[in-house]
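Student: Output the structure for:
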Amino acid sequence: MIDPSTLMGPLWTLLAFVGLGWLAARRLAIDPRPIATLLVYLIAPLTFFRALVLGGPTPAYLLLTAALFLLSSLVALIVQCLARRRFASEESALLAFSSGTGNTGYFGLPVALVLLPPQGVTLYLFCVLGVTLYEFTVGFYLSARGRFSVAQSLAKIVRLPLVYAFLAALLASGLGLDMPDAMMEGMAVFPATYTLLGMMIIGMTLGRVSLRALDLRFIGACVAIRYGLWPLLALAAVLGLQAFFPLPPELALALLLVGVVPMAANVVVVAMELGIAPAKGALAVLVTTLAAPLLIPFYLNLLMALAGMR
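Tutor: Numbering: from 1, shown residues only. Next comes the predicted model:
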């Protein structure tokens with residue numbers, strides 16, 4: 001059983017970063033859009049390049065990445081088909097994007113470091129990589145289609161460096177290239193920067209939001225998908241794998257954690273970058289993030305019990 005008190009420190013620290021972002025926007029008038037661009041085009045690619053190189057990709061690890069990528073893409077495509085009938089084009093695009101992802105990086109990784117052994121953290125990172133690849137390929141395309149044509153949306157994806165960082169890390173690993181120690185040590189600052197700015201940008205966006213942006217129907221749909229659908233998908237994945245072979249407990253917990261994190265901060269980052277309803281996205285992300293300190297321990301204990309992990 002997971003003791004909720006062990007998670008309170010990391011969870012409230014992450015919420016404090018959101019508060020810092022709000023203060024920065026309200027008191028210092030900081031524009032979050034350049035920070036969103038930095039996250040998309042520089043910090044996220046370097047963070048995941050370093051993680052992939054250090055993790056030592058193997059076929060088994062990459063299978064995890066592929067499985068999470070396909071699951072995220074499938075959920076998003078189904079939600080897109082349903083949402084376009086009930087929401088305007090920008091809102092339906094943002095809802096489709098958000099449905100395929102969660103805050104597995106900025107929020108989930110600090111929690112994983114508390115709950116999982118080193119091997120489990122590596123497994124979790126390769127799960128996160130699959131979700132992140134979805135965000136910057138299929139997810140980014142679905143978001144862009146809320147405002148741009150097919151050709152324009154594809155052109156935007158080609159410009160995204162995260163896919164190239166992923167391929168470069170695989171190439172370096174496949175060729176057995178050793179990255180210089182000085183370079184890897186220099187890149188060690190990026191994971192913390194990725195988490196800090198990713199959470200702060202939620203607060204920065206909220207600092208520029210009025211109550212007119214409150215859309216209870218949109219927020220309700222986001223919450224239902226994130227805290228209703230995804231925990232069930234994570235549990236189904238664990239039970240399905242357990243039916244075929246003994247599942248290592250650290251892998252099972254990593255999969256369950258992917259299913260219970262709040263909405264992705266990258267919903268705000270991508271919405272900001274593409275100009276598609278970032279205020280509505282920020283409010284929905286805030287609601288699920290505020291609920292996380294209570295819901296994550298509850299969900300993890302419940303799902304672990306249902307999966308026979310106690």
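
Student: Quick one: residues contacting Thr132.
Tutor: Neighbouring residues of Thr132 by CB atoms under 8 Å, 6 or more residues apart in numbering: 44, 48, 104-105, 162. Every C-beta, even on glycine, is put in place using the N, C-alpha and C of the backbone.

Student: ok, 7 Å please
Tutor: Thr132 is in contact with 48, 105, 162, counting by CB atoms under 7 Å, 6 or more residues apart in numbering.

Student: Burial check on the residue nearest to the second one when sequence neighbours are not counted, number of neighbours?
Tutor: Nearest non-adjacent residue to Gly105, counting by CB to CB, 6 or more residues apart in numbering: Val128, 5.5 Å away. Neighbour count of Val128, defined by other CB atoms under 10 Å: 25.

Student: which SSE is Val128 in?
Tutor: helix 118-134 (DSSP states H and E).

Student: that older thread, doesn't Thr104 make contact with the residue nearest to Gly105?
Tutor: Yes - if you go by CB atoms under 7 Å, Val128 and Thr104 touch, sitting 4.5 Å apart.

Student: how near is the residue positioned nearest the centre of the chain to Gly228?
Tutor: What sits nearest the mean C-alpha location of the chain, by CA atoms, centre = their mean, is Asn103, with 3.5 Å. Computed with CB to CB, to the nearest Å, the distance linking Asn103 and Gly228 is 16 Å.

Student: Equivalent analysis for Phe140, please.
Tutor: 25 Å.

Student: And these two? Which one has more around it.
Tutor: Phe140 (23 against 9).

Student: which one is that one nearest to, not counting chain neighbours?
Tutor: In space, Phe140 is closest to Ile157, 5.7 Å off (CB to CB, 6+ apart).

Student: C-terminal to the helix or strand harbouring that neighbour, what's the next element?
Tutor: Counting by DSSP H and E, the element that carries Ile157 is helix 150-158. Next in sequence after helix 150-158, counting helices and strands by DSSP H and E, comes helix 161-174.

Student: Name the next helix or strand downstream of that next one, please.
Tutor: Following helix 161-174 in sequence order, the next helix or strand is helix 181-186 (DSSP H and E).

Student: outside of that following helix, which residues touch it?
Tutor: Contact partners of helix 181-186, identified using CB under 7 Å, 6+ apart, comprise Arg50.

Student: could I have it exported to CSV, CA atoms only?
Tutor: Extracted in CSV, the C-alpha atoms of helix 181-186 (Å, rounded to 0.1, in the frame of the first residue of the first chain):
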residue,chain,number,x,y,z
ASP,A,181,30.9,13.1,-20.1
ALA,A,182,31.1,16.9,-20.2
MET,A,183,28.2,17.1,-22.6
MET,A,184,26.0,14.7,-20.5
GLU,A,185,26.8,16.6,-17.3
GLY,A,186,25.9,19.8,-19.0
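
Student: Show me how far that helix is from its chain's centre.
Tutor: For helix 181-186, the separation from the chain centroid amounts to 26 Å (computed by CA atoms, centre = their mean, to the nearest Å).
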